[in-house]
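1. this one's structure only:
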């Protein structure tokens with residue numbers, strides 16, 4: 001009897017031994033499946049992963065091996081229709097298979113915490129870089145060393161790639177003005193979320209030179225329609241001298257506003273490339289109007305406005321001039337986002353691309369609308385007034401149409417959470433928006449429908465509809481301007497029962 005019991009344990013012992021061997025073997029493949037260890041922290045992360053993969057591989061083989069062995073060893077014999085023995089519990093077995101996983105999880109938690117604290121530990125002589133992630137680009141801002149600064153010149157420079165050099169610890173201070181992003185550099189083994197309203201940090205020390213094109217930087221958090229293209233690179237220079245040479249070369253020449261404007265637009269600090277086409281900078285966006293020859297066309301757009309004035313106002317108040325055929329999706333850019341000097345430099349860059357780039361200002365011929373064209377415009381306005389086209393009803397319809405176009409654009413992500421039949425939305429996270437204008441008027445005593453909708457967009461946590469989570473982020477004026485908000489409300493008003501009856 002004892003011999004029989006002993007022999008029954010042999011397959012179990014064999015499966016256990018093979019499981020351990022399988023775990024060790026599969027964990028040895030970690031270097032083959034991971035990218036280059038380009039940072040000092042990478043080895044710690046890889047060693048932890050090797051432990052996780054080894055334990056996971058061993059458990060996988062143990063479970064699958066025991067399953068196969070049980071199927072083969074205890075299969076029903078031919079012509080055996082009898083019931084199998086009834087077994088009710090095994091206290092020893094239950095304790096074992098509860099205690100072993102608990103010990104494994106505890107050990108892994110301790111190891112993970114040690115690695116986590118080690119790679120986040122503050123280091124001496126850190127290079128601090130400010131990182132901004134916004135739909136759909138990365139930008140990196142460096143302080144310009146005193147020795148490289150010019151009188152009354154910039155004190156920092158923003159570029160679209162992360163530049164570092166060997167063996168210098170790096171600290172990234174990361175923010176986002178819109179939605180959650182995730183900064184991930186596989187080669188450096190760093191990954192950190194960027195959260196609206198907070199500054200998050202990540203540290204690493206590069207130990208390997210970057211290949212051509214740099215080590216890839218990607219966004220690992222779905223952030224909108226352009227998420228897949230939200231990429232950048234980490235360029236690792238050989239030493240501080242090589243890094244300073246790059247930095248000095250990247251600085252725009254003193255007294256060259258067009259060069260400074262180009263550098264700002266190329267840096268990725270502004271999300272223009274996601275929406276506009278500009279061949280000179282390789283932009284291919286389709287949401288907004290193309291910016292090729294924008295300085296020449298801007299001079300003819302609005303009578304009485306020069307090209308400079310038109311471009312500046314279009315950036316500060318994009319809702320003032322919406323180009324026909326394009327949605328009013330562009331947010332306004334305040335002086336906190338683009339200083340007046342930077343705005344002048346951007347205009348200077350567009351001027352340098354104009355057909356008459358040698359002129360330092362817009363020519364009278366380009367700045368003034370042809371007299372006959374002006375007369376036609378005035379005549380058209382008079383005819384429109386006589387026909388009643390400019391009355392309030394028509395203005396409301398136009399505003400509602402703008403709101404509808406804005407909601408349909410990729411500028412906001414409402415469709416992912418809400419249902420709205422007219423727009424084809426079928427989200428389930430937030431409350432449905434069918435008939436929202438009618439229900440909004442009855443939601444909060446003392447608030448009109450317009451006030452309720454406006455506050456729900458600016459401060460969504462103020463009114464959380466019962467049965468739905470408080471998941472909606474606030475939308476500031478940088479994301480949805482007042483003009484765009486008015487258009488959204490006008491659209492919802494046009495969908496109300498009262499509007500339908502009219």
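-> On my side now, so go ahead. Please read these numbers as outputs of a predicted model, since none were measured by experiment.
2. for residue 217, which three-state class applies?
-> strand (DSSP: H, G, I helix; E, B strand; the rest coil).
3. please report how far the closest residue to it other than its chain neighbours lies from residue 396.
-> Once flanking residues are discounted, residue 217 sits nearest to residue 232: 4.1 Å by Cβ to Cβ, 6 or more residues apart in numbering. (C-beta placed from N, C-alpha, C; glycine too.) If you measure residue 232 against residue 396 using Cβ to Cβ, to the nearest Å, the figure is 44 Å.
4. same drill for these two, tell me which one is more crowded.
-> Taking other Cβ atoms under 10 Å, residue 232 and residue 396 do not tie; residue 232 has more neighbours (24 against 15).
5. against residue 153, how distant is that one?
-> 26 Å.
6. contact partners for residue 57?
-> Contacts for residue 57 were tallied using Cβ atoms under 8 Å, 6 or more residues apart in numbering; they are 22, 23, 25, 26, 27.
7. hmm, I typed the wrong one, I wanted residue 135.
-> 178, 179, 223, 224, 226, 227, 230, 271, 274.
8. gap between the second one and residue 438?
-> Translated: residue 179. As judged by Cβ to Cβ, residue 179 and residue 438 stand 30 Å apart.
9. cool, and the fifth one?
-> Taken as Cβ to Cβ, the spacing of residue 226 relative to residue 438 amounts to 35 Å.
10. over to residue 300?
-> Distance, residue 300 to residue 438, using Cβ to Cβ: 44 Å.
11. ok, now residue 490?
-> Going from residue 490 to residue 438 by Cβ to Cβ gives 15 Å.
12. these two: which is more packed in?
-> A direct count of neighbours by other Cβ under 10 Å for residue 490 and residue 438 places residue 490 higher, at 21 against 17.
13. wait, is residue 172 part of a strand?
-> Yes: assessed with three-state DSSP, residue 172 lies in a strand.
14. wouldn't it be in contact with residue 191 here?
-> No: the criterion here is Cβ atoms under 8 Å, and residue 172 misses it with residue 191 at 11.6 Å.
15. what do these two both touch?
-> Shared contacts of residue 172 and residue 191 (Cβ under 8 Å, 6+ apart): 183, 202.
16. let me see the contact set for residue 318.
-> Residue 318 makes contact with 328, 330, 331, 332, 481 under the criterion Cβ under 8 Å, 6+ apart.
17. what's the most distant pair in those residues?
-> 328 and 332 (11.0 Å; Cβ to Cβ).
18. next, show the common contact partners of those two.
-> Contacts common to residue 328 and residue 332, judged by Cβ under 8 Å, 6+ apart, are 318, 319.
19. tell me which of the two has more neighbours.
-> When residue 328 and residue 332 are compared for neighbours, residue 328 comes out ahead with 22 against 19, by other Cβ under 10 Å.
20. can you give me the helices in the stretch 351-500 of the chain?
-> All helices of the stretch 351-500 of the chain, identified by DSSP state H, counting those that start in this stretch, fall at 364-367, 371-387, 392-408, 436-443, 449-458, 482-494, 497-501.
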